Structures are given as structure tokens and as C-alpha cells.
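K.L.:
predicted model and sequence follow; I will ask about them next.
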Number of protein chains: 2
Amino acid sequence: MPTRLIVAKELSEIFKLIAHPDRIRLIEELRKEECDVNTLADRLDLPGPRVSQHLALLRAHRLVEERRDGRHHFYHLTQPEIAQWIVAGLDFIEGRLSGVSPSAIRSARELWSAPTGDEA
Amino acid sequence: MPTRLIVAKELSEIFKLIAHPDRIRLIEELRKEECDVNTLADRLDLPGPRVSQHLALLRAHRLVEERRDGRHHFYHLTQPEIAQWIVAGLDFIEGRLSGVSPSAIRSARELWSAPTGDEA
DNA sequence: TCGAAATCTTCGAACTCTTGCAAACATTAA
DNA sequence: TTAATGTTTGCAAGAGTTCGAAGATTTCGA
């Protein structure tokens, strides 16, 4: 199989992996520091099993890693730079007519770029 | 609805849109210059209707635009920079154990970065 | 002009994959 | 043992993909 085909498939895997609002928010939460599952579920207002399944997927693709401490499972990004890459994708929705105002995008970009503990 | 949720959804739309090997290769082909549908189908070795459907999807999300000339439909990227953003995603598959060798990734990166007319 | 060929799009039906939810399971702590 | 924390499983609903066939438009030759 030609190189280009292989790489296109691998790239599409990455995109598929990230192409879910819950997983994007998980990555956003983890962009600065590790966090345990329950806290993530609380912050994102999602049921526990769902968070766990998403994390299992991210883990299977080595986008996150797990650290266990007692009964807590802490997750963190293996490559924190991926958060910056994701937010760079905002450049490509800015021009579209969909339901996102430029100011919403601007504030989102600031959220992702800002230091921790400032969530809106 | 909170801004963060909206933006996460919009971002996931973008990722979903790109998360297909055919569409990634289409974007790759279009990264430098416009091209008509048949030529794309030939180069990527795909059936015509399939190419057309993928392009319709990209068009619906304004990632590509159409220019008609006679019976030819020429497509081009509305934001050529998106190709560079996509290829930057290669950074995040390099460390994984999947079936892609580092050299394959390196050559893919060169392919996407190189001037036109050099396809392997 | 008429009809055939070329180019591209769209439709509808199968197929697959993902998602969401509830229930059950596993492990650790008190 | 009981509670707390996560994970896994099984299944139904939904979304995305693919294909063949049919439709639309333009060009070109008879």
C-alpha cells in the first residue's frame, strides 16, 4: 500500500478520535493538569460510564495516560500540545455561517489558551 | 447554552468532516491548486459518485468551493492553510505503536509540504 | 437540429460503525 | 460489610458510508 494511503488512514483515525464534543471537552479539561474520572464527569455534567468510555478510547490511542492512586484513576494528556493544535482548528470555522459568533470563537480561544482555573 | 459547549460541538463538526481517508486525500490534492472531479477520481483511484459525494460534504461546510467551466466542475480549498493544519496532526501519531513507521510519516510530511507535481 | 457521449450530481437501499443508556462487575477504602 | 470510584457489557437507536441506478447539464458530431 502506498505511503500516502496509509498516512491518510492514520490521520483520519486521529480526526475520528477527536471528533466528538465530549472528547474535545475532556481534552480541554486535561490540557493543563491531570484529573480523576469523577471530577471530569462533574465538571462536564456527564454520566460516569460515558466519561469512562471516552477515556478508554483516548487511552487505546495513547492520547491520554492513566495513573492510579487508591480508588482514583487520574488521567493526563500524553501530548499536551494536542490541545493547541485542536484550538487552531477554530480558524477554519470562523468564516462559516453556522451558529457560532466570532466573539464566541474568540472567547473559546482565550479559554483554551489561558492558565488553569478560569473556566467560564 | 454555554459557549464552551457550542464551540466543542462546532470543533467536532470540523473533525468529523475531515475524519475520512478519502476526504483527507482530496484536501491533499487540492492543497495547491483547483482540480476537476474526474481528475480527482483518477488520481485517487475512486469511483466518480464517491468523489462527488465527499466534495458535496466539504462544500456544504464551506471547506471547498466550486467553479464551473463547461461540463467541468473545478474545486478548490476556501482556506488552503487547512492542509498545513491537517499535516500538523501527524505530530500526534508519530509516537503511537500503530502501523506507521516514522519514515513513512516523514515522507508524508514532505509530500504535503512540497510544491505541486511531485506526487509519489 | 438531433442524438450520443462526457461530466457530474443525486437518490434509495444495504451496510457498518458509533453512540447512549442501564445494569452488572471490579476494586479500594472506611 | 457498606460505600465510593470506575470499568465493562449488551443492546437499541442513530449516523455515516458505499454502491448502483437514474437524473441533469454541457459538448460535439452526424
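P.N.:
Happy to help now that I have it. Nothing here was measured: the structure is a model prediction, and the numbers come from that model.
K.L.:
show me what the host helix or strand of residue A:26 is packed against.
P.N.:
Here residue A:26, judged by DSSP states H and E, is contained in helix A:21-30. The helices and strands touching helix A:21-30, judged by 3 or more Cβ pairs under 8 Å, 6 or more residues apart in numbering or on different chains; DSSP states H and E, are helix A:3-18, helix A:37-44, helix A:48-60, strand A:72-77, helix A:81-88, helix B:3-18. The way it works is simple: take the backbone N, C-alpha and C, and place the C-beta from them, glycine included.
K.L.:
now with 7 Å?
P.N.:
Other helices and strands packing on helix A:21-30, by 3 or more Cβ pairs under 7 Å, 6 or more residues apart in numbering or on different chains; DSSP states H and E, are helix A:37-44, helix A:48-60, strand A:72-77, helix A:81-88, helix B:3-18.
K.L.:
nearest to residue B:113, of the ones you listed?
P.N.:
Comparison of the helices and strands packed on helix A:21-30 against residue B:113 by Cβ to Cβ identifies helix A:81-88 as nearest, at 16.5 Å.
K.L.:
and the closest one with strand A:72-77, angle?
P.N.:
Angle of helix A:81-88 versus strand A:72-77, following axes from the mean of the first three to the mean of the last three Cα atoms, to 10 degrees, is 60 degrees.
K.L.:
averaged pLDDT, helix A:81-88. What do you get?
P.N.:
The pLDDT scores in helix A:81-88 average 94.
K.L.:
buried ones in whichever helix or strand comes after it?
P.N.:
Counting by DSSP H and E, the next helix or strand C-terminal to helix A:81-88 is helix A:102-113. Across helix A:102-113, burial judged by 16 or more other Cβ atoms under 10 Å in any protein chain shown covers A:104-105, A:108-109, A:111-112.
K.L.:
ok so, going back, relative to DNA strand C, which of the helices and strands packed on helix A:21-30 is closest?
P.N.:
Closest approach to DNA strand C among the helices and strands packed on helix A:21-30 is made by helix A:48-60 (4.2 Å; Cβ to the nearest atom of the strand).
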